[in-house]
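Undergrad: here you go, sequence then predicted model.
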Amino acid sequence: MAQNFAHGNHSHTQKKIRNAGGGRTPADRARRTLSQNFLVDRHAVHLMVKAAAPDGLVLEPGPGTGALTFALAEAGARVIGYELDPRLAGLLAARTRSDPRIQVVRGDFARARVPREPFAVVGNIPYAATSRIVDWCLRAPGLTSATLLTQREYARKRAGDYGRWSLVTVLSWPWFDWRLGDTVGRESFRPVPSVDSAILRIERRPDPLVSDRRSYEELVELGFGGVGGSVRASLKTRYAGVDAALAAAGVARDTVVGHVCPGQWITLWERLCR
């Protein structure tokens, strides 16, 4: 079910670069503390912009030196970049002061106020902040899509590329489509991280696949609760007609919960909760 896409501005671990006195510079300390790896590959930036297809307002977590920021603006977006590193925020703000397409905010993206107008999120995000940023995106009412350059393993897990599905993806599936994009190699970043990255595309559906959020979430959370080792054992603790619902969804009776794909969960909800 996965498709191909690509990567942007990034943050991770770096080699210790010593100054003449043997200590770390402020920039070195910030890179370690904030998990910074900056995107330096123009082709990777192009892949990110192509995957995002930016139009209108775009929020960018961690713009860093601005490689992706300027590319998004050139593609027609109005970009608000949220940079936690005060040094980088100041440098980028100075570079973009006369550019009406770009606004730089010094602060944590995961604490940003949600815009009142529809918007997208595009960013090469720090690995350490991935879960916080994804959670923020999924909760934001006006979000149309998120195109995120993340650790490749994380992107593959969320998009079901290992043949298993995570709770986060299944819970949000009726409202969001998750797709795996192109791999961006570690050599595309400075400093070079220890793993490769990949583009993860999360797109809001025009119409939800279920009509009642609460009953769907209760069903899924119970299934992932792990009672008895199979999804059947978990669901039978609360619902009647589980075997017929599993048959309709094409799920074997001994299937473990991670192997039930999101589309099958929709069928289970239709059979057990409507």
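TA: Received, thanks. Residues are numbered from 1 along each chain as shown.
Undergrad: for the closest residue in space to Gly228 that isn't next to it in sequence, phi and psi?
TA: Of all residues beyond its chain neighbours, the one nearest Gly228 is Ser234 (6.3 Å), with distances taken as CB to CB, 6 or more residues apart in numbering. C-beta here means a position set from N, CA and C on the backbone, and glycine is covered the same way. The phi/psi pair for Ser234 (degrees, to the nearest 10) reads phi -70, psi -50.
Undergrad: does Ser234 touch Val220 like I think?
TA: No: with contact defined as CB atoms under 8 Å, Ser234 does not reach Val220; the gap is 10.2 Å.
Undergrad: doesn't Leu59 fall inside a helix?
TA: No: residue state for Leu59 (DSSP: H, G, I helix; E, B strand; the rest coil) corresponds to strand; a helix is not indicated.
Undergrad: contacts only, for it.
TA: For Leu59, the contacting residues are 79-82, 109, 112, 115, 119-123, by CB atoms under 8 Å, 6 or more residues apart in numbering.
Undergrad: swap in 7 Å and give it another go.
TA: Leu59 is in contact with 80, 82, 112, 119, 121, counting by CB atoms under 7 Å, 6 or more residues apart in numbering.
Undergrad: contact partners for the third one?
TA: Contact criterion CB under 7 Å, 6+ apart gives 59, 82 as the residues in contact with Ala112.
Undergrad: what does the model give it for pLDDT?
TA: Each residue has a pLDDT score; the one for Ala112 is 97.
Undergrad: got the phi and psi for it?
TA: Geometry field for Ala112 lists phi and psi as phi -70, psi 150, criterion degrees, to the nearest 10.
Undergrad: kindly report the same for the fourth one.
TA: With angles defined as degrees, to the nearest 10, Phe119 sits at phi -160, psi 160.
Undergrad: bridged to the closest residue to it other than its chain neighbours, which residues?
TA: Spatially, and ignoring its direct neighbours in sequence, Phe119 is nearest to Leu57 (4.1 Å; CB to CB, 6+ apart). Beta bridges link Leu57 to Arg78 when assigned by DSSP bridges.
Undergrad: can you show me the CA trace of the host helix or strand of Thr267 as CSV?
TA: Taking DSSP states H and E as the criterion, Thr267 maps to helix 262-272. Presented in CSV, the C-alpha positions along helix 262-272 are these (Å, rounded to 0.1, in the frame of the first residue of the first chain):
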residue,chain,number,x,y,z
PRO,A,262,-6.5,-0.2,8.2
GLY,A,263,-9.1,-1.1,5.5
GLN,A,264,-10.0,-4.3,7.4
TRP,A,265,-10.5,-2.2,10.5
ILE,A,266,-13.1,-0.1,8.6
THR,A,267,-15.0,-3.3,7.7
LEU,A,268,-14.8,-4.5,11.3
TRP,A,269,-16.3,-1.2,12.5
GLU,A,270,-19.1,-1.4,9.9
ARG,A,271,-20.0,-4.9,11.1
LEU,A,272,-19.6,-4.4,14.8
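Undergrad: and that helix, what's buried?
TA: Neighbour counts over helix 262-272 (16 or more other CB atoms under 10 Å) mark 262, 264-272 as buried.
Undergrad: got it, and stretch 72-86?
TA: By neighbour count with 16+ other CB under 10 Å, stretch 72-86 contains the buried residues 72-73, 75, 77-85.
Undergrad: show me these that map onto helices.
TA: 72-73 (DSSP state H).
Undergrad: I'd assumed Ala120 was in a helix, is it?
TA: No: counting by three-state DSSP, Ala120 is located in no helix; its state is strand.
Undergrad: in terms of pLDDT, where does it sit?
TA: On pLDDT, Ala120 comes in at 98.
Undergrad: would you enumerate the residues in contact with it?
TA: Ala120 sits in contact with 52, 54, 58, 144-146, where contact means CB under 7 Å, 6+ apart.
Undergrad: now the helices for the chain?
TA: Taking DSSP H as the criterion, the chain contains helices spanning 26-33, 42-52, 67-74, 86-96, 130-139, 152-158, 167-172, 213-223, 231-235, 242-249, 262-272.
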